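Student: here is a sequence with its predicted model. Questions after.
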Amino acid sequence: MAEMRIKQNDQMGKWYVSRFIDDHNHELLPPKLVEYLPPHRKMSDVDVAHMDSLRQVGISVPKIYESLAAQAGGFDHIPFTKRDMYNEVRRQRGMRKGDVNATIRYFEAGAKADEKLFWRCQVSADQHMCDLFWCDGRSQDDYKIFGDVLAFDATYGRNKYNLPVIIFSGVNHHNQTCVFGAAMVSCETQATYVWVLQKFLECMEGKAPKAVITDGDRSMRMAINEVFPEAHHRLCAWHLLKNATTNVCLPRFTTLFRYCMLADIEIEEFEQHWEAMLDECGVRDVEWVQDTYRKKLYWATAYIRGRFFAGIRTTSRCESLHAKLGRFVERRYGILDFVTNFQRCVEFLRDNEDEMDFRSSYGTPVLQTQFPELEKSGAMKYTREIFSRFRESLQRCVRITVVESQPCEGGTIYVTQKYLRPGRKWNVMHVSASDKYTCSCQRMESFGLPCVHILSVLVRLDVGSLPDTLVLERWTKSAKFGLYDDVAGHKIVDIAALYRMRMGTFLQHCKRLARLVCNNEDLFKLYTEQIVQEANNLESMNDSGNSVGVGGGGNNGRVLDPIGVRTKGTGRGNVQVGARGVKRRKCSTCGVVGHRRTRCPNRANMSVPNSQDEVPQMGDFPPVENIGVQDCYRPSAT
């Protein structure tokens, strides 16, 4: 019976309601529930942008909803529900087509703010994206200084296409991990790695690293030899120890192999220890042992000594970087979401670096050693983290004695030995003309810090300041001095991010105004009326506000989105959720589906071990082996 009639007045020309009947054949909703009806629910562009900004820093949708309710004065004052917020998130993630093109537009917009921004995309014959590489300006600047050592590894499950992600990283002057670039590839073949490394070399203006550290993947190794023929390739020590446990399964062999790999010994001593290990463990005919020995130039410290690796022996930094990346990206992310959130992760690392720059520049460490002049000289030159390592060597140099000095052509050779260790001697050569010091231990060449033997010679010669020849520029406070002053000029800013940034800035001014106005009722009414009036005027001028963002769109005749792939690093997670099926529980005793171990019909026939010989003891498992301060080896029970 509900009815409403509207007529026009012939004389006035205005419309009016001539008949209204408020009779319904059903019960009406209470007034407090009317707002849940779909026509009454709507998320404005500002609400969507606010939600996106909070979600990017890891705040969940329910928490965002509670925050908006607290600001609005209650849940009944919010014109939408949590379900509407989830629908908006699903709509953004459902950008199936045009994901790659949106990413390209993101890079094109970012290139306006960062003219050094570099990206390359490789497509297949059917125009689907296969590989993508990108690097911003600050990463290129970091590589100019810290690009002597390069580490990279692939991580999986970071996007909805299951494309493996390769992150190129290194070590900065605070001994922190810094990012040089990133790539997404469709497969891990030698040709793919060659393409990625070539684009990396093109981005860095042809500068190749001096040392590369990987996990030993064959495709990686072949690509590195092809693109970086002059770089020394080092294999990850952790992966080698893990493979030793898997392929040999002898704890004693793992212990001896670890000593041969990491001990600071000469080549002759290495060969002697290796032969003794083969005879003791009886693994001379094991194929993996023979193949590993043929690659000794890639992992044995005896053969690597003197090559600069910045103290890196494993790819644990890459694994740590992948773990940090997991805090910013999810496996459901598309290409655009991954790239934008990856840049957030990089900015987080750079913020930590800026904080360490402040801590190194502000204040002076308390002097602790017996040689305050040398210690103060190191504190003035090195960053705080590197200085702590230098001070450790300076404290230990008191145990080194200069037992002999021999004049030589152009300088003097000092023979040093450790306290109560007359069998081990190290020769330190000092060239007077260039004030250069070299030691037979080659720690200066390997890590870039003077060893205890050189420091003991400096103490013997009453040197009060570190010579410039012993200070590696990459470890100093001035390593990046004057490289870039405009930090914002190296950030990728797209239209949507700029819109959210402006909105956040405007909201801060609004909060400031609210703090001053809301305590006075008259001021509150006055400014509220003015703000509402101004908003109505702007809406009428702009014909209502339009949403701003990076659209998905279609393909526009350009690059199609990549096809989901199966990688060697993922398993059941590659299968789509709808195609997985229901996982049925199996009996752990007989392996038959339909019952559990407690109700297995064969349980009565199973014999119970009566002797302790049938039960594995704790001593049967290999021990935990430490390989460094940050690198630890925990072999599996197999």
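Tutor: The structure has been received and is ready for your questions. Numbers count the residues shown, from 1 in each chain.
Student: gap between the spatially most central residue of the chain and residue 168?
Tutor: Centroid-nearest residue in the chain: residue 321, 3.1 Å away (criterion: Cα atoms, centre = their mean). In this view, residue 321 and residue 168 are 10 Å apart by Cβ to Cβ, to the nearest Å. C-betas here are computed from N, CA, C, even on glycine.
Student: need the overlap of contacts for the two.
Tutor: residue 179 (Cβ atoms under 8 Å, 6 or more residues apart in numbering).
Student: show me what the host helix or strand of residue 168 is in contact with.
Tutor: Assigned by DSSP states H and E, residue 168 belongs to strand 165-171. Residues outside strand 165-171 that contact it (Cβ under 8 Å, 6+ apart): 142-143, 146-156, 158-159, 177-185, 196, 200, 310-312, 317-318, 321-322, 325, 338.
Student: hmm, 7 Å instead?
Tutor: Defining contact as Cβ atoms under 7 Å, 6 or more residues apart in numbering, one finds that strand 165-171 is touched by 146-147, 149-152, 154-155, 158, 177-185, 196, 200, 310, 312, 317-318, 321.
Student: does residue 339 count as helix, strand or coil?
Tutor: With DSSP: H, G, I helix; E, B strand; the rest coil as the basis, the three-state label of residue 339 is helix.
Student: roughly how far apart are the closest residue to residue 40 other than its chain neighbours and residue 42?
Tutor: Excluding the flanking residues, the one nearest residue 40 by Cβ to Cβ, 6 or more residues apart in numbering is residue 34, at 6.2 Å. As defined by Cβ to Cβ, residue 34 lies at a distance of 14 Å from residue 42.
Student: again, but for residue 455
Tutor: Taken as Cβ to Cβ, the span from residue 455 to residue 42 is 71 Å.
Student: between those two, which has more neighbouring residues?
Tutor: residue 455 (29 against 10; other Cβ atoms under 10 Å).
Student: residue contacts, that one?
Tutor: So residue 455 contacts 393, 394, 397 (Cβ under 7 Å, 6+ apart).
Student: what helix or strand is it located in?
Tutor: Here residue 455 is covered by helix 452-460, with elements defined by DSSP H and E.
Student: same question, residue 278
Tutor: Using DSSP H and E, residue 278 falls within helix 267-281.
Student: tell me which helix or strand comes right after that helix.
Tutor: Criterion used, DSSP H and E; the element after helix 267-281 is helix 287-294.
Student: identify the residues contacting that next one?
Tutor: The contact list for helix 287-294 (Cβ under 7 Å, 6+ apart) reads 247, 248, 274, 283.
Student: average model confidence for it?
Tutor: If you average the pLDDT over helix 287-294, you get 93.
Student: in whichever helix or strand comes after it, what counts as buried?
Tutor: Per DSSP H and E, the first helix or strand lying C-terminal to helix 287-294 is helix 301-304. For helix 301-304, the neighbour count (16 or more other Cβ atoms under 10 Å) marks 301, 302, 304 as buried.
Student: try stretch 256-276
Tutor: Residues of stretch 256-276 classed as buried by neighbour count (16+ other Cβ under 10 Å): 256, 257, 258, 260, 261, 262, 265, 270, 273, 274.
Student: ok, now stretch 470-481?
Tutor: So for stretch 470-481, counting by 16+ other Cβ under 10 Å, buried means 470, 471, 472, 474, 475, 476, 477, 479, 480.
Student: just the strands in the stretch 251-400 of the chain please.
Tutor: Counting by DSSP state E, counting those that start in this stretch, the stretch 251-400 of the chain has strands at residues 400-408.
Student: the stretch 101-250 of the chain too?
Tutor: 118-123, 129-135, 149-155, 165-171, 177-184, 211-214, 232-235.
Student: out of these, flag the one nearest residue 596.
Tutor: Between residue 596 and these, the shortest separation by Cβ to Cβ is 36.4 Å, and it involves strand 149-155.
Student: that closest one pairs with which strands?
Tutor: With DSSP bridges as the test, strand 149-155 is paired with strand 165-171 (antiparallel), strand 211-214 (parallel).
Student: can you redo the ones you listed as a markdown table with distance to residue 376, mean neighbour count and mean pLDDT?
Tutor: Listed next are those as a markdown table, based on distance: least, Cβ to Cβ, whole Å; neighbours: other Cβ atoms under 10 Å; pLDDT from 0 to 100:
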| stretch | distance to residue 376 | mean neighbour count | mean pLDDT |
| --- | --- | --- | --- |
| strand 165-171 | 25 | 24 | 93 |
| strand 211-214 | 32 | 23 | 93 |
